[in-house]
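Student: dropping a prediction and its sequence here:
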Amino acid sequence: MSQSPPMSLVNVVAANVSDDDSAVNANQRLRAPIGKVVCVGRNYVAHAHELGNEVPTAPMLFMKPASSVVSIGQGVIRPNPEMVGETHYETELCVQLSADLSAATIEEVQQAIGGVTLGLDLTLRDLQSELKEKGHPWERAKCFDGACVLADWLDPQAFGDFSDVAYQLYINDALKQDGDTALMLFPVYELLVNISHAFSLQAGDVIMTGTPSGVGVLHAGDQLKLKLGEHEWQAQVQ
Ligand code: ZN
């Protein structure tokens, strides 16, 4: 398996083959490489229930390192299941910051979102279950190289206040995840305000806003299609 270098924003932008103006504009607004990827667990009730988890009363946060980020154009790499068990897909709306945020207000958050796209929060589910049982952190299950797959950045202005953004994942043409931000426990702006009070966010940081229900196992050769409005990306599982 060839090892990809940590993905900088420049690489992500280079992978964008679309000549879509809104994508180009958003990319111009993004000035920094990815520092960290902040992820939100259980932000959709139906997903919390499908994994037998309690619904949180505050956003449940974890992180992925920049070294885990790959562009969807590089394909989706599934770690060897004989070594690490099953890899699950989690399709999530992702935003990237174009400004720093510390103890931010809603207005500051609105100004700081520089790009929007879809991502896959790949998770070694068997390993994660084992770690959860022991009360250990999840990094081994969530931070491996390729564990954060990002599609191309789009202009955030096309998404309004993010309160009703629909997105889908199809695998081999079957609909597997049908997300709508209207169903989030903690909507995008509120989420970023909350995170920025827990720790500082910096320009370039990416926030994965949580997965809707329908998560499941990736198999070698699976053909993935991610849809966000009129935008669509495809990738094959390696
Ligand atoms: Zn997730």
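Tutor: Perfect, thanks for sending it. Residues are numbered from 1 along each chain as shown.
Student: what helix or strand is the closest residue to residue 232 other than its chain neighbours on?
Tutor: The shortest distance from residue 232 to any non-neighbouring residue, by C-beta to C-beta, 6 or more residues apart in numbering, is to residue 225 (6.3 Å). No exception for glycine: its C-beta is placed from N, CA and C like everyone else's. Under the assignment given by DSSP states H and E, the secondary-structure element containing residue 225 is strand 223-228.
Student: show me the contacts for residue 213.
Tutor: Contacts of residue 213 were listed using C-beta atoms under 8 Å, 6 or more residues apart in numbering, and they are 44, 46, 47, 49, 50, 177.
Student: tell me if it really is in a helix.
Tutor: No - using DSSP: H, G, I helix; E, B strand; the rest coil, the secondary structure at residue 213 is coil, not a helix.
Student: quick one: pLDDT of it?
Tutor: The per-residue pLDDT reported for residue 213 equals 94.
Student: on that earlier part again, out of the contacts of residue 213, which one sits closest to the ion?
Tutor: Closest to the ion out of the contacts of residue 213 is residue 47 (8.4 Å), distances taken as C-beta to the ion.
Student: give me phi/psi at residue 178?
Tutor: phi -130, psi 90 (degrees, to the nearest 10).
Student: would you state the strands of the protein in chain order?
Tutor: Listed in chain order, the strands found in the chain under DSSP state E are 36-41, 60-65, 69-71, 87-89, 91-97, 113-121, 123-124, 148-150, 166-171, 174-180, 206-208, 216-217, 223-228, 231-236.
Student: any chance of a markdown table for those strands, columns distance to residue 106, mean pLDDT and mean neighbour count?
Tutor: Supplementary listing: the strands of the chain in a markdown table, determined by distance: least, C-beta to C-beta, whole Å; pLDDT from 0 to 100; neighbours: other C-beta atoms under 10 Å:
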| stretch | distance to residue 106 | mean pLDDT | mean neighbour count |
| --- | --- | --- | --- |
| strand 36-41 | 17 | 97 | 23 |
| strand 60-65 | 19 | 97 | 18 |
| strand 69-71 | 27 | 94 | 24 |
| strand 87-89 | 31 | 97 | 24 |
| strand 91-97 | 14 | 97 | 26 |
| strand 113-121 | 12 | 97 | 25 |
| strand 123-124 | 30 | 97 | 24 |
| strand 148-150 | 25 | 97 | 27 |
| strand 166-171 | 23 | 98 | 19 |
| strand 174-180 | 21 | 97 | 17 |
| strand 206-208 | 15 | 98 | 25 |
| strand 216-217 | 35 | 96 | 15 |
| strand 223-228 | 23 | 98 | 19 |
| strand 231-236 | 26 | 97 | 16 |
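Student: now these in TSV, with distance to residue 139?
Tutor: Shown next, in TSV, are those (distance: least, C-beta to C-beta, whole Å):
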stretch	distance to residue 139
strand 36-41	12
strand 60-65	8
strand 69-71	15
strand 87-89	15
strand 91-97	18
strand 113-121	13
strand 123-124	11
strand 148-150	13
strand 166-171	24
strand 174-180	24
strand 206-208	15
strand 216-217	21
strand 223-228	24
strand 231-236	24
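Student: so which of those is nearest residue 160?
Tutor: Distances from residue 160 to each of these were compared using C-beta to C-beta; the shortest belongs to strand 113-121, at 10.7 Å.
Student: just give me the neighbour total for residue 56.
Tutor: By the measure other C-beta atoms under 10 Å, the count of residues near residue 56 is 16.
Student: correct me if wrong: residue 237 contacts residue 172.
Tutor: No - applying C-beta atoms under 8 Å, one finds residue 237 not in contact with residue 172, separated by 10.1 Å.
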